[in-house]
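**Q** the amino acid sequence is not available; the structure is as follows:
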């Protein structure tokens, strides 16, 4: 997975494809490996983190019926946290666009999802002056 940091888009695509391919035969193993890698490399640049997250999303989508409930719950929580972190990072430069998207998740009479609230709060903290 270290090759996701390669600047060549073809190499990045090959890593994504390899993770998805391996995820077809061993989805839980790949999801756990990706999760562990992201935890160990918490300073990984967001464009490279997104490659791994997209692969995880594809593996989950293609194998949802095969996943153990506890694995699915853990992966979803971690994936949502990582996605929230990506939005906060992008928001440091494009705050208006990110806020516009996050605010669409607030609907009258419906409690927003935990990660929507967390993203909103983290955007406020990271862009406060």
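**A** It's in. Keep in mind the model is a prediction, meaning the values are calculated, not measured.
**Q** got the contact list for the closest residue to residue 32 other than its chain neighbours?
**A** Once flanking residues are discounted, residue 32 sits nearest to residue 71: 7.4 Å by Cβ to Cβ, 6 or more residues apart in numbering. C-beta here means a position set from N, CA and C on the backbone, and glycine is covered the same way. Contacts for residue 71 were tallied using Cβ atoms under 8 Å, 6 or more residues apart in numbering; they are 28, 31, 32.
**Q** of these, buried ones?
**A** Buried residues within those, counting neighbours by 16 or more other Cβ atoms under 10 Å: 28, 31.
**Q** could I get the contacts of residue 71 as JSON lines with pLDDT and distance to residue 120?
**A** Formatted as JSON lines, the contacts of residue 71 follow (pLDDT from 0 to 100; distance: Cβ to Cβ, whole Å):
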{"residue": "28", "pLDDT": "88", "distance to residue 120": "32"}
{"residue": "31", "pLDDT": "89", "distance to residue 120": "27"}
{"residue": "32", "pLDDT": "87", "distance to residue 120": "30"}
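**Q** for residue 26, what are phi and psi?
**A** Torsion angles at residue 26 (phi, psi; degrees, to the nearest 10) stand at phi -140, psi 70.
**Q** if anything else comes up later, I'll come back, but that's it for now.
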